[in-house]
Every structure is written in structure tokens, then in C-alpha cells.
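Novice: Sequence plus predicted model, see below.
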Amino acid sequence: MLTGKNILLGISGGIAAYKTPHLVRLLKKAGANVRVLATESALKFVSELSLSTVSQMPVLDDIFTADADGERTMHISLGEWADALVVAPATANTLARFSSGLCDNMLSLSFVTLRPGKPVLLVPAMDGYMYDSPSVQRNLSVLKAQGCRVLEPESGPLASGQCGLGRMPEPETIFEALSSIFAARESAALEGRTVVVTAGPTREKIDGVRFLSNYSSGKMGFAIAAAAARRGATVRLVSGPVTLPTPPGVERIDVESAAEMLEAARPLFDGCDLFIGAAAVADYRPEAPVEGKIKKNEAAMVIRLVRNPDILAEFSTGRKPGQLAVGFALETAGGLEYARKKLTDKQLDLVAFNIYDGSRSGFEVDTNVLTLLGRDGSITELPLLSKEEAAGRLLDAIEKLPPR
Ligand code: PMT
């Protein structure tokens, strides 16, 4: 659930801060990217060296830290970068800063610059009397009303020598809480939506035993269909000939040629909210396929090809307001400008520019490198990801598109 997610871990100054390197470890092990934001007092309880070592990134504790380009607006880019903010331990002081909108350290500043809708998980930990105080409870109510989730403290021995409510839950519990937030978001995000996905290659008949095709395995399209179904969508998958099992909860229609793909997809156009063309549809087909097997009588043979219909373009140019159209653009080198042209020519909302490098990205392999170009001019370069992760990131980007 956390693979590829960008997590900001805020640490404020409480004794429980000593447990946070273990939390970083759990997040990293799950495949998350972690940036640690520590307050000055947090670094009295846990060392910067431990945190930077386990997160493999410098700890951010200074508002005026410059980013990689030398810009001093790191707090703004972090707010953009983060998929979630977790604050553990969240002290009374940090809760007060957050609830009043103060921006006097890197953590409080990043809380304010976090993009709307991104989950915030607060893990308060302090003495029981402090926790029960009207000030802390008021600040927590304000933050809950703003949409922050609060993982309640546990009871047990406290640093004050007393026993009571206020202990920070173990890192495993915090990790589980964060995972379930993402799971719940994922399961609900496309509830009530209908998504049509095309996947795999098409086969264009030359004769009774031969065809023109390409190396598409269907993995990318099937991963998208599976991810959309997990997010609650009704998913219809129109697939060329592949050997993959149907993802759970997905309705599959198998086809062979581009013409059959269009014939199967067309009746689905009207009722779909989102059409994603991940199929590698053959651009051309033999003009006059032969019924039996062509005999090899000649030294050379010429097969005249004619253009196939463009399924995605037919959907996008004839669609109703509100329907979204997303395509892929596969290139063997360079090609961002071709992808941009496809975005415009096919009137798409988003195009996933897909490099085919023959080893890690493109056809057949389990991984992919995508650059997502939005109709709003946005460009998101994704790193090398499994096709499952890439599918999740593609859907995240689609969910962020402004309505049409
Ligand atoms: O199946 P895998 O092995 O996992 O590989 C995944 C993939 C490389 C096939 C996939 O990620 C991908 O890039 N698919 C599109 C490949 C492509 O050839 O695109 P294109 O540039 O020809 O077409 C652009 C878009 O129009 C695509 O969304 C395509 O589905 C759509 N199209 C194209 C032609 C056509 N006649 N009808 C279409 O709908």
C-alpha cells in the first residue's frame, strides 16, 4: 500500500522520538520514500545521524534549507511532493502550532503547505495530564475538524514516572494506521465510476495462419484495470490476445484485431466515465487477408496495408462532457513532443509517455518508466516502477485532473 508513496515524517520533541528511526525503517522497507522533518527539540531526543542514515536523506530542520536547485522554497516543494504527513510524536506544542497555522519551523510550515486532500496522521504523545488539558483537546478538535486523523495515545508507564494515557503507540501500529488510510482512500476513490481499459496487442490477419502484431503482453493495461477495480470502479477491460488472468472484479472482453477491439469498445463508450487506452493497437492491417495459407511461390511478396480505426480518438472526439480520455504514447527514443502531439491531436486529458528500452520499460517487462502529460500542461516524471505501482500513480494523476 505504501510502495512509491512519498511520506513526510514530522518528529517533535518528546521522549517517544527515540522510536522514530524504527518507524522510518518500516516505511522504507515497505517501499515508501521518506523525508524527515524534525523540530529543534526533537533532535535532543533522537540523533540527526540515526534519522538521516535510515531515511537515506538529510533531516530537514531548517526553514532556510535550499533544495537541489539552490532554491530556498523547499517547504513549498515538500508540500507538493508529499502523499501524506505523519507526525510522531506530536507534542502539545506542535499541535498548538498546527491548529493556529503558525509557520515558525520546517514542520509547521510543511503542514501549512501540504496540498489539500493529502492525509495527515497525528500521533500525540505526552504526559496524561497534558493530553487531557482543555488546550490540547481543543487543538485536537480543531485539527480533526480540518480532516487530520489522530492515532490516540496508549496507556502505560510514562516518562514522568506516572502510569496513564499518553504513550506513543509502537511504530508498527503507526505504520498500520498509515497503511489503512491509504487502503481506504484507494478503495473508495473511484466508487460509482465506470472505467473502460484497452490492453494488449491486436493481431491483424495476413492469412489463415499468420498475422501482424507487436510485443504487448497486456501487463500494463491489466494492472490499470486491477488498480481501478481496487479503487471501487466498475471496470470493463477490452483485451487483445494475452495470457494473463482476469483481475478480480473486472469484466473482460477478449478480441483479436483492432476492428474487433473497436466493435467491443464502442458500446461501452456511452456509459463510461474514464476511458484508458493502454492497448498497443496495430496502426495498419493487411487490406485483403487471405482465407487459407499463402503458398511461398514467389521470391518476394508485397502485402498492402491500410489504416486501422483509432479507438481512443473515436471515444475522445465524440464523448460527452465529464468523460475523461487517457492514452499512452510509446516511443523508442526521445519523443516527448510526439506524446504532446497525441495529447492534442486525440484531444486527451492525459497521456502517459512510455519509453520502450527493451529491458526495463515498455513491452513485456514487469516494470515501466512513464512521464505523465496533463492537458493542463502538467508534467510528472515517474521513476522506474513495477507496472502495478505505475498503474496506481497513473490513477492518482487522473484523480487530480480538473473536471471537464
Ligand atoms: O502490454 P505491455 O507488455 O505491458 O506493454 C505496455 C504498453 C507498452 C503496450 C503500453 O504501456 C503502451 O504504451 N500502450 C500504447 C502503445 C502504443 O503503441 O501507443 P500508440 O502511440 O500507437 O497509440 C497512442 C494511443 O492511442 C494509445 O493509448 C493506444 O491505445 C491508442 N490507439 C492507437 C491506435 C489505434 N488504432 N487505436 C487506439 O486506441
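Specialist: Cool, got the structure.
Novice: Mind listing what's buried along the longest helix along the chain?
Specialist: If you go by DSSP state H, the chain has its longest helix at helix 171-188. Across helix 171-188, burial judged by 16 or more other C-beta atoms under 10 Å covers Pro171, Ile174, Phe175, Ala177, Leu178, Ser179, Ile181, Phe182, Arg185, Glu186. For the C-beta atoms, the positions are set from N, CA and C on the backbone; glycine is no exception.
Novice: May I see those organised as a markdown table, with distance to the ligand added?
Specialist: As requested, these are exported to a markdown table (distance: C-beta to the nearest ligand atom, whole Å):
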| residue | distance to the ligand |
| --- | --- |
| Pro171 | 36 |
| Ile174 | 35 |
| Phe175 | 31 |
| Ala177 | 34 |
| Leu178 | 30 |
| Ser179 | 27 |
| Ile181 | 29 |
| Phe182 | 24 |
| Arg185 | 25 |
| Glu186 | 21 |
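Novice: For the protein, which residues are neighbours of the ligand?
Specialist: 198, 200, 216-221, 258, 277-281, 283, 308, 310-312, 327-330, 342, 354, 362-364, 387 (C-beta under 6 Å from any ligand atom).
Novice: Inside helices: which ones of those residues?
Specialist: Among those, the ones falling in helices (DSSP H) are Lys219, Met220, Gly221, Ala258, Ile311, Leu312, Lys342, Lys387.
Novice: about what we covered before: quick one, which of the residues of the chain next to the ligand are buried?
Specialist: 198, 200, 216-221, 258, 277-281, 308, 310-312, 327-330, 342, 354, 362-363, 387.
Novice: returning to what we had before: other SSEs contacting the longest helix of the chain?
Specialist: If you count contacts as 3 or more C-beta pairs under 8 Å, 6 or more residues apart in numbering; DSSP states H and E, helix 171-188 packs onto helix 20-29, strand 84-90, strand 120-124.
Novice: wait, which of those is closest to Asn297?
Specialist: Nearest to Asn297, of all the helices and strands packed on helix 171-188, is helix 20-29, at 63.4 Å by C-beta to C-beta.
Novice: What residues of that closest one count as buried?
Specialist: Thr20, Pro21, His22, Leu23, Val24, Leu26, Leu27, Lys28.
Novice: between that helix and strand 84-90, what angle do the directions make?
Specialist: Counting by axes from the mean of the first three to the mean of the last three C-alpha atoms, to 10 degrees, helix 20-29 lies at 160 degrees to strand 84-90.
Novice: Moving C-terminal from helix 20-29, which element do we reach first?
Specialist: Once helix 20-29 ends, the next helix or strand along the chain (criterion: DSSP states H and E) is strand 33-38.
Novice: Pull out the buried residues from the helix or strand just after that next one.
Specialist: Downstream of strand 33-38, the first helix or strand assigned by DSSP H and E is helix 42-45. For helix 42-45, the buried set under the neighbour-count rule, 16+ other C-beta under 10 Å, comprises Ala42, Leu43, Phe45.
Novice: Then stretch 193-210?
Specialist: Those would be 193-206, 210, for stretch 193-210 by 16+ other C-beta under 10 Å.
Novice: Spatially, which two of the residues you listed are the most separated?
Specialist: Greatest spacing in the buried residues of stretch 193-210, by C-beta to C-beta: Arg193 and Arg210 (40.2 Å).
Novice: that older thread, now, which of the buried residues of helix 20-29 sits nearest the ligand?
Specialist: Taking C-beta to the nearest ligand atom as the measure, the ligand lies nearest Lys28 of these, at 27.7 Å.
Novice: so who does the residue lying closest to the closest one once chain neighbours are set aside touch?
Specialist: Among residues not flanking Lys28 along the chain, Val34 sits closest, at 6.0 Å (C-beta to C-beta, 6 or more residues apart in numbering). Contacts for Val34 (C-beta atoms under 8 Å, 6 or more residues apart in numbering) come out as Ile7, Leu8, Leu9, Val24, Leu27, Lys28, Ser55, Met57.
Novice: rewinding a little: generate JSON lines for the helices and strands packed on helix 171-188, with distance to Asp349 and mean pLDDT as supplementary columns.
Specialist: JSON lines is the format used below for the helices and strands packed on helix 171-188 (distance: least, C-beta to C-beta, whole Å; pLDDT from 0 to 100):
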{"stretch": "helix 20-29", "distance to Asp349": "32", "mean pLDDT": "97"}
{"stretch": "strand 84-90", "distance to Asp349": "25", "mean pLDDT": "98"}
{"stretch": "strand 120-124", "distance to Asp349": "29", "mean pLDDT": "96"}
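Novice: quick revisit: format the buried residues of helix 20-29 as TSV; extra columns: distance to Ser110.
Specialist: Formatted as TSV, the buried residues of helix 20-29 follow (distance: C-beta to C-beta, whole Å):
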residue	distance to Ser110
Thr20	16
Pro21	20
His22	22
Leu23	17
Val24	16
Leu26	21
Leu27	17
Lys28	19
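Novice: so which strand or helix has the residue of the chain most remote from its centre?
Specialist: For the chain, the residue at maximal distance from the C-alpha centroid (C-alpha atoms, centre = their mean) is Asn297, at 54.1 Å. Following DSSP H and E, there is no helix or strand that holds Asn297.
Novice: so how far is the ligand from it?
Specialist: According to C-beta to the nearest ligand atom, to the nearest Å, Asn297 and the ligand sit 32 Å apart.
Novice: so what pLDDT did that residue get?
Specialist: Per-residue pLDDT puts Asn297 at 84.
Novice: Of the buried residues of helix 171-188, which one scores lowest on pLDDT?
Specialist: The member of the buried residues of helix 171-188 with the lowest pLDDT is Glu186, at 75.
Novice: That one - nearest residue in space that isn't next to it in sequence?
Specialist: Arg231 (5.4 Å).
Novice: looking at it, the one you found is touching Gly192, isn't it?
Specialist: No - checked against C-beta atoms under 8 Å, the pair Arg231 and Gly192 is beyond contact range at 10.8 Å.
Novice: So which of those two has more stuff around it?
Specialist: For Arg231 against Gly192, the residue with the higher neighbour count under other C-beta atoms under 10 Å is Arg231, and the figures read 21 against 9.
Novice: Quick check on that one: phi, psi?
Specialist: Main-chain torsions, Arg231, degrees, to the nearest 10: phi -90, psi 10.
Novice: residue contacts, it?
Specialist: Applying C-beta under 8 Å, 6+ apart to Arg231 gives the contacts Glu186, Ser187, Ala188, Ala189, Leu190, Glu191, Leu395.
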